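**Student:** Sharing a sequence plus its predicted fold:
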Amino acid sequence: MKDILFEVEALDNNLNLVKLSNAECKFSYRNSIFKEENWVVLSAQVQLKLGNKEELRAIADSRIQYRKDKHPLEYPNAGSIFKNVDVKKVPEQFYEEFKDKIKQDPFPIVPAAWFVIGAGLTGTKVGKAQISEKHSNYIVNLGGAAAADVKNLINIVQQKIKEKYGIDMEPEVQFLGF
């Protein structure tokens, strides 16, 4: 989205309506002024490019299928819980363990799920919240999970990964009212 957004209307913390250009949105890796300041996006204007309809449909279909296959869409969830880890932050003694997991996103990263798996946390439950067995960077609601269950599970993951790998896992989700 950062590449096609032209202008955004948002409410700031004082409930003022602000209009921002793309540059003023301060987009960076999984971040923006909206996330930093907890502003609410009301509308956005995008600047689209022409493309081949069939090629674009094929790309969209493949991504939809990937999500169905790899993400736990059968349970309520908030999407990816932790940001992926910059390869530069992986301690040297663990590099070998993760070198075949490195992806470009947009710089070299190790997907957060691999640290959760490596720490043996897949399937861990707190109340009715569980680290998904289908994708370990998701916490799913098995039915009746409280926000505190999810937050406690996030804290457990952060603590265990810090103990095992020396890495601070940064939540991708935003917490409101905690």
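**Tutor:** In hand now; what should we look at? Keep in mind that what you see is a predicted model, and the values were worked out from it rather than measured.
**Student:** what's stretch 47-54 in contact with?
**Tutor:** Contacts with stretch 47-54, where a contact means CB atoms under 8 Å, 6 or more residues apart in numbering, come from Ile4, Leu5, Phe6. C-beta coordinates here come from the backbone N, C-alpha and C atoms, glycine included.
**Student:** Is Asp168 located within a strand, as I assumed?
**Tutor:** No - per DSSP: H, G, I helix; E, B strand; the rest coil, Asp168 lies outside any strand segment and is coil.
**Student:** ok, the spatially most central residue of the chain to Ile154 distance?
**Tutor:** Central residue of the chain (CA atoms, centre = their mean): Ser80, 3.9 Å from the mean position. Counting by CB to CB, to the nearest Å, the gap from Ser80 to Ile154 is 12 Å.
**Student:** Where does the prediction get shaky in this structure?
**Tutor:** By pLDDT under 70, the low-scoring segments of the chain are 177-178.
**Student:** the helices in it, which residues?
**Tutor:** 33-37, 53-70, 92-98, 112-118, 147-165 (DSSP state H).
**Student:** Pick the most buried one from these.
**Tutor:** Stretch with highest mean neighbour count among these: helix 112-118 (a mean of 21; mean count of other CB atoms under 10 Å).
**Student:** For Glu7, give me its contacts.
**Tutor:** Going by CB under 8 Å, 6+ apart, Glu7 touches Lys19, Leu20, Ser21, Asn22, Ala44, Gln45.
**Student:** one more time with 6 Å
**Tutor:** Residues counted as contacts of Glu7 (CB atoms under 6 Å, 6 or more residues apart in numbering) are Gln45.
**Student:** again, but for the one 5 residues further on
**Tutor:** Applying CB under 6 Å, 6+ apart, we find Asp12 in contact with Val18, Trp39.
**Student:** how close does it sit to Glu36?
**Tutor:** Asp12 sits 12 Å away from Glu36, going by CB to CB.
**Student:** What of Gln93?
**Tutor:** From Gln93 to Glu36 the distance is 33 Å (CB to CB).
**Student:** circling back: how about a markdown table for the contacts of stretch 47-54, with distance to Gln159 added?
**Tutor:** Formatted as a markdown table, the contacts of stretch 47-54 follow (distance: CB to CB, whole Å):
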| residue | distance to Gln159 |
| --- | --- |
| Ile4 | 39 |
| Leu5 | 37 |
| Phe6 | 42 |
